[in-house]
Structures are given as structure tokens and as C-alpha cells.
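A.B. asks: 3D model of this:
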Amino acid sequence: MISDRAKKGVERTPNRALLYATGIARSQMDKPFIGVATGFNDLIPGHIGMRELERAIEKGINAGGGVSFLFGIPGVCDGIAMGHRGMKYSLPSRELIADSVESVAEAHALDGLVLLTNCDKITPGMLMAAGRLDIPAVVVTAGPMLSGRYRMKRLSLVRDTFEAVGRYHAGQIDEEELTRLEMEACPGPGACQGLYTANTMACVTETLGMSLEGCATALAGMAKKKRIAYLSGERIAELVKEQLTARKVMTRAAFENAIRIDMALGGSTNTALHIPAIAYDAGVELPLQLFDQISRETPHITNLRPGGDHFMEDLEYAGGIPAVLAVLKEKLNDCPTVTGNSIFQIAEEAEVTDKEIIRSLDNPYHLEGGIAVLKGSLAPDGSVVKQSAVSEKTRRFEGTARVFDSEEEAMQVITGDGIAPGEVVVIRYEGPKGGPGMREMLAPTSAIVGMGLSNSVALLTDGRFSGGTRGPCIGHISPEAAEGGPIAIVKDGDRILIDIPSRKLELLITEEEKARRLAAWSPPEPKIKKGYLVRYAKLVSSAAAGAVLR
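C.D. replies: Down below sits the predicted model:
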């Protein structure tokens, strides 16, 4: 066992003395040492219920013949960090999480890991660490939040708070109504109720084979989730004996499955950052264009919020990810999973219990999957759009640029009724280097939707979007402005073409004018000049490469 290097032999007498100081018995010294990396904190709604899951995991590990050791991992709630400088730390926290898990596991020679996670950057960070370490690992995602209720209407975070701000500014609701919505939209623990980034990554994790069956959609606070946590603890002890390590599960074929299920569900565009980053640490190369290739071949068969009206709880009761695997089986690779069953075995045992929530391949919501990759003179290395959340009217959009060098500048104009139909809002210097940290633009996109402009105004950014974004919103534009990409030279009044069916994003100026502007461009002063983000900006790759640190 890996842990033998820290606990076996005469020379390890001091090491054992310190281990005994933790309270373990001599009889436990020959058992696998299993780390439980827990994302518990009091700040993130998706994580506040993890104390009970920690206990269940510990019970499972000990029942399975292992010794459990809990250690804490940092996390950021994107919703709380949204719209201010705190969001600069969200994507960079993914690397901190991966580094933290790696550091503790390597320093203490752990034989295996249970990774207790839930929200946007915590889950991919945990998976990145598993890929780096290549030891047995099981991921437990803590589950989706139940829908809110107000006057018998089901509520979710994005549509009923972020977009409600736009409705308030448009005079459609008053302050009292807005206050009611903010009190009722999020009723308790769990990841926000739609197919936003947290729940998308939970679905990706289960499809990758790194969680037990049903884990992604099992609801927060429910007994089913506790049982899955307990069984995950039992299973990790078995995986150590079997030596089924993370890279044996997270293969190229498994990543293809994960992307395909993501496309079929219509998940968050952030997966185009996270899946390549996880693959990078697992030693698998995944070009951004693979998302577009798989999307073209994969029908969109669920219609969850933000683009649709169904919630994660609906997907759970319709059969969860196993049922989605059953529908997509003919398009999937048969891969091993941490459950002990293969993807095909899981699919064969699953049942779709509501064929409107999970549709068949011959009756999809859309013929193509959720994400499209656009390229062109404005995004030579690519950009990403959640096409399943774009109306038919705006899948091809040509408009006039309104350019802003920060999210704050854009929000001031948007909420002040300063944006007109037919305009393309361009928010730049918000990429991985330029932000730094590649902030989500959920506040401006939600304001545009809430003000009734989603079919007449587009938004482009070298930043990124929440899984809650809908409408003609193109993110991850690469190269970013801070690297001198074409988005840096866009001016107010320029014409911009968005053509999702043709996968084009074009700045409609002449090559001569483009060359003249690029020659005159120089990088601006860094927005942040101290702390972690300075180091992050120097090391981070482009969004097209997953914004990994090199």
C-alpha cells in the first residue's frame, strides 16, 4: 500500500507515533488509509449539508476495512461571489483545490480518496487532483437543491433572482415582489436547482465513472444521498484492494462519454473549461473542437433550466443519469466505473420513467447538443455558446458593437436602459489573464433577459458564463483581449456577425483596418497587482486550453 511508506519499518517509528496521536489503534495500522477531502463550509449552500455525508462516508470506509481521515478543502460560491471582485477568485480556486488535495494526499501517503464536493469549481478541482495522483478515488457530490415556492410557483435561483433584477429595473415587478423572491428562491442546502455548472459537473462526474449510480441527481438532504455516501465509503476500500485507480476510469473514451451526456443534457458552457482541465491532469488530450464534433452528433434530450422549465429534481425522478445513459447507449463507449459495473451495465438496468423530461433520440428537444464552438475573425482559437438556450430567432444575429472594458461598466449601462435592440454588448479584459480569473457574466446576461432584450441583444466576452445564462451569449473568446486577441480592437459601432448554425463569429472590418488597429494596440495595466491572482495571471493558459496552469 502507498501508506506503507509512511508507517512501515523501524525508521517510521516517529511517523507511527504521530499517527497514534490522532487516536487510531494498532490494529488499524495495517489497513488502507483513506482520505476524505471535504468541501464543507458554512458559506456555500451546496456544501452546508456535508457534515451528515462526512459521517456516512466515514462509516462506510470503516465498515469496508479502511481507516478514514477527514481534511478540509477551500471553496467559493459563485452566486455569492457574482458581480463583484470576488468572482475573480472563482475559477482560480479550482487550481487551489486541486493543489490542496494533491498536497495532502502525497504528503500523508494516502491509499485512496473520497472526494466530497458539490459546486462549480470544487468538483472539477477534486477530479483534477484525482487525475494527477492516479490513486483509487470516488467522488460524492452532495446533490441538487429543491425548488423554491412562492404562491405555488416553483422557483430557481437564476430565473427568480438574477433575472428578476432585470424585471425590477424594467418596472415589471416592485421591490416587495423582488424581496419575496429572494427569500423563497433557495429553500435550503444543495446545488442550485437547474442544470447550471454545479449540477452539470455532477452529471459529468457520474458519466465519467467517478461516482456511484444515481449520485449526480440524488437530492441534497435526502436519505438516498446518505446511502450513496455510505456506499462510496465502502467502495473506496474495495477499490484500493482492486487497485482501480483514477486514470484507469478517466480514459479518453470516458471523457467522450462525459461530453456526449453533457451535450444531450444541455449543460453549462463551463464544462468546456473543466472537462479539458480534468483530462489534462489525467494525461488525456481533449481539443476544444471535440465538444463541437460530439454536439453535432448528439440530440438534446432534456430541457432543464435555464433554457427549459424542468428542474434537477425532475431529472432525478425521471431516472437520473442512468436513464440518460440508457437513451444514449448506442452512442456511448463501454467503460469501467468506480461502481464495479460498466457504463453499458448501468444503462441496461436503468429506466426512463418520464419520457417528456428525458426524451428519446427520435423525439429530441433539439437535433444537436447543448454547446457549439464558434470560430472566425473575432475568435480565431474558438469561443463557446450554450446553443440549447438560444432561441431560433437569434441563432444568426448581426448587430452593432457596444464595447466595455469590464463587467461593472457594462452593468451600469445595461441597468440604466442604455442598451438598444440590435446591439452586441462586448465585455473584454475579463479573460483568464485579463480579469484575472475569467469572471462569469451572469449578472449582465440575466439583466438583459429580465429586461426583455434576450431576442434583440447579444453579448460577447472573453470571460465566461454561468450555467444559468441563456440567450445569444458567446463566451471564452480566444485569444483574450489581454493577449492581444481581436476582441481587444473592437470599437463602438463595428458590425459583428454571430452565426451559430455555421459556427461563425466575425468582426466585420477589413483586413487592413484590423492590421492597423492591432499595430496600435498595447496591453493595459494589470487590474490586480498583488496576491494569488498575480501569480495566476502569469501561469494560466487560454480558455481554449481549459485555463489550466502551466
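A.B. asks: surely Ala237 is in contact with Ile57?
C.D. replies: No - counting by Cβ atoms under 8 Å, Ala237 stays clear of Ile57, with 11.2 Å between them. (Each C-beta comes from the backbone N, C-alpha and C, glycine too.)
A.B. asks: between the two, which is the more surrounded one?
C.D. replies: When Ala237 and Ile57 are compared for neighbours, Ile57 comes out ahead with 30 against 25, by other Cβ atoms under 10 Å.
A.B. asks: that one in helix, strand or coil?
C.D. replies: Using DSSP: H, G, I helix; E, B strand; the rest coil, the secondary structure recorded for Ile57 is helix.
A.B. asks: now it: how far from Arg517?
C.D. replies: When Cβ to Cβ, to the nearest Å is the yardstick, Ile57 and Arg517 sit 56 Å from each other.
A.B. asks: now do Val413
C.D. replies: 23 Å.
A.B. asks: swap in Asp281?
C.D. replies: Counting by Cβ to Cβ, the gap from Asp281 to Arg517 is 38 Å.
A.B. asks: higher neighbour count, those two?
C.D. replies: With neighbours defined as other Cβ under 10 Å, Asp281 and Arg517 compare such that Asp281 has more, 24 against 16.
A.B. asks: secondary structure class for the nearest residue to the more buried one once chain neighbours are set aside?
C.D. replies: Taking Cβ to Cβ, 6 or more residues apart in numbering, and ignoring the residues beside it in sequence, Asp281 has Gly131 as its nearest neighbour in space, at 3.8 Å. State at Gly131, reduced to three classes by three-state DSSP: helix.
A.B. asks: for Leu115, same thing?
C.D. replies: Secondary structure for Leu115, judged by three-state DSSP, is strand.
A.B. asks: burial of the residue nearest to Asp281, as a residue count?
C.D. replies: If you count neighbours by other Cβ under 10 Å, Gly131 ends up with 24.
A.B. asks: likewise for Thr13?
C.D. replies: As a burial measure, Thr13 scores 8 neighbours (other Cβ under 10 Å).
A.B. asks: tell me the secondary structure of it, please.
C.D. replies: The three-state label given to Thr13 by three-state DSSP is helix.
A.B. asks: distance from stretch 465-472 to the middle of the chain?
C.D. replies: Chain-centre distance of stretch 465-472: 12 Å, with Cα atoms, centre = their mean, to the nearest Å.
A.B. asks: for that stretch, C-alpha coordinates in CSV please.
C.D. replies: Listed next in CSV are the C-alpha coordinates belonging to stretch 465-472 (Å, rounded to 0.1, in the frame of the first residue of the first chain):
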residue,chain,number,x,y,z
PHE,A,465,-20.9,32.5,-18.3
SER,A,466,-22.7,30.7,-15.5
GLY,A,467,-24.6,27.6,-16.4
GLY,A,468,-27.6,29.8,-15.7
THR,A,469,-27.0,32.0,-18.8
ARG,A,470,-29.5,31.9,-21.7
GLY,A,471,-29.8,33.9,-24.9
PRO,A,472,-27.2,34.7,-27.7
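A.B. asks: now do that stretch, average pLDDT.
C.D. replies: If you average the pLDDT over stretch 465-472, you get 84.
A.B. asks: buried stuff in it?
C.D. replies: Counting neighbours by 16 or more other Cβ atoms under 10 Å, one finds that the buried residues in stretch 465-472 are Phe465, Ser466, Gly467, Gly468, Thr469, Arg470, Gly471, Pro472.
A.B. asks: of these, which is the nearest to Ile489?
C.D. replies: Distance to Ile489 across those (Cβ to Cβ) is lowest for Pro472, with 21.7 Å.
A.B. asks: so where's the protein uncertain?
C.D. replies: Within the chain, no range satisfies pLDDT under 70.
A.B. asks: need the strands for it, in chain order.
C.D. replies: Taking DSSP state E to define them, one finds strands in the chain at 33-38, 67-72, 112-117, 137-141, 148-150, 153-155, 371-376, 379-386, 396-404, 423-427, 458-461, 473-478, 495-499, 504-507.
A.B. asks: show me what stretch 38-58 is in contact with.
C.D. replies: Taking contacts as Cβ atoms under 8 Å, 6 or more residues apart in numbering, the residues outside stretch 38-58 that touch it are 36, 68, 70-77, 80, 114, 116-119, 122, 126, 140, 142-143, 145, 186, 188-192, 198, 220-221, 225-227, 229-230, 232-233.
A.B. asks: roughly how far does Leu539 sit from Pro432?
C.D. replies: 10 Å.
A.B. asks: if I look at these two, which residues touch both of them?
C.D. replies: Shared contacts of Leu539 and Pro432, counting by Cβ under 8 Å, 6+ apart, come down to nothing at all.
A.B. asks: okay, the two: which has more neighbours?
C.D. replies: Pro432 (31 against 13).
A.B. asks: ok, so what distance separates the more buried one from Trp521?
C.D. replies: For Pro432, the distance to Trp521 (Cβ to Cβ) stands at 19 Å.
A.B. asks: just give the number of residues close to Gln412.
C.D. replies: Counted with other Cβ under 10 Å, the burial measure for Gln412 works out to 12 neighbours.
A.B. asks: what do you get for Arg51?
C.D. replies: For Arg51, which is what you asked about, the neighbour count (other Cβ under 10 Å) is 10.
A.B. asks: scan this structure for its longest helix.
C.D. replies: Among the segments of the chain that qualify as a helix by DSSP state H, the longest is helix 223-242.
A.B. asks: who are the packing partners of it?
C.D. replies: Packed against helix 223-242, as judged by 3 or more Cβ pairs under 8 Å, 6 or more residues apart in numbering; DSSP states H and E, are the following elements: strand 33-38, helix 50-63, strand 112-117, strand 137-141.
A.B. asks: winner for burial among the ones you listed?
C.D. replies: Counting by mean count of other Cβ atoms under 10 Å, strand 137-141 has the highest mean neighbour count of those, with a mean of 31.
A.B. asks: what angle sits between it and helix 50-63?
C.D. replies: Using axes from the mean of the first three to the mean of the last three Cα atoms, to 10 degrees, one finds that strand 137-141 and helix 50-63 are set 150 degrees apart in direction.
A.B. asks: show me what strand 137-141 is packed against.
C.D. replies: When contacts are defined as 3+ Cβ pairs under 8 Å, 6+ apart, strand 137-141 sits against strand 112-117, helix 122-133, helix 197-208, helix 223-242.
A.B. asks: before I go, just wanted to say thanks for your time.
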